[in-house]
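>>> Here's my sequence, what's the structure:
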Amino acid sequence: MDQAAPHTVTSIAYDLRALGVTSGDVLLLHSSYRSLGFVAGGTHAVVLALLEALGPEGTLVVPTQTRENTDPAGWRHPPVPEAWWPVIREQTPGFDPARTPSRWMGAVAETVRTWPGARRSDHPQVSFAALGAHAADVVDGHRLDDALGEHSPLGAVYRLDGKVLLLGCEHSSNTSLHLAEWRQASPPRAVTGSAVRLPDGTSRWTAWTDVVTDEDDFDRLGADFEATGGAAVGRIGSATARLMSQRALVDFATAWMAANRTG
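Numbering: from 1, shown residues only. A predicted model of the protein is given here:
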């Protein structure tokens, strides 16, 4: 166990400011809570520190994805029997922004999702939650067939000239790189589906076509971006953190993918 003094709201807010988070920022956070070390007050304290650093005019954005609400025919980790597929499609409750928990996005993201005043986008697979001055601007209008494109919260963060903070995690978790995939000339597309909640509270399995994501080269892409000096790297708590302009990152990634992805 780390024998250093416990991290606190005050110390984490100080670290955030030292790295370059400023009052009024729109900040898209990807985080590993365990990487921070011991924090007095846990994830509650981490969110308080983030909101303190951002100030009343700032906005905190986190991914709140629900990847289990996808077509079971495509599940690989683990797969499920084909006989189950119709039952899963017919019986999965439709995505409800207010009630459906996120999974695999980390404890800090889930704390933000349930924070009083948080707004959440309405995409059944790759929703985002936001707190602060631009929360509605970020999450409203999230289209089914533009999951991580211009009409998604990622596109909104780009238009708002926001920042990305990787807190104890790598570029493989950097969802903004998907916006660069959507911006390619002819990105591969496929049919996907989810259980969608209807206005009367019932659920319906819905299918649509969208871009196919591929994170396999995200760490290499991120390393090349950092080699340009585009990210500030430092410590927040006990975690290694990377802070960057989302516009600079996405613009770099869009050109990088066009040059490095083939087929």
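>>> how near is Gly74 to Glu215?
Distance, Gly74 to Glu215, using C-beta to C-beta, to the nearest Å: 15 Å. For every residue, glycine as well, the C-beta is placed using N, CA and C.
>>> which residues in the stretch 101-250 of the chain form helices?
In the stretch 101-250 of the chain, the helices defined using DSSP state H, counting those that start in this stretch lie at 107-113, 135-139, 153-159, 176-182, 218-227, 246-260.
>>> what is the mean pLDDT for the fourth one?
Spelled out, it's helix 176-182. Helix 176-182 shows a mean pLDDT of 98.
>>> that older thread, which of Gly74 and Glu215 has more residues huddled nearby?
Neighbours of Gly74 and Glu215, each counted by other C-beta atoms under 10 Å, are more numerous for Glu215; the result is 15 against 11.
>>> isn't Gln184 right next to Met257, touching?
Yes - using C-beta atoms under 8 Å, Gln184 is in contact with Met257, at 5.9 Å.
>>> Comparing the two, which residue is more hemmed in?
Neighbours were counted for Gln184 and for Met257 using other C-beta under 10 Å; Met257 has more, 18 against 13.
>>> For the more buried one, give me its contacts.
For Met257, the contacting residues are 180-181, 184, 221, by C-beta atoms under 8 Å, 6 or more residues apart in numbering.
>>> do that again at 10 Å, thanks
Going by C-beta atoms under 10 Å, 6 or more residues apart in numbering, Met257 touches 177, 180-181, 183-184, 187, 214, 217, 221.
>>> Test my guess that Arg113 contacts Ala129.
Yes - Arg113 is within contact range of Ala129, at 4.4 Å (criterion: C-beta atoms under 10 Å).
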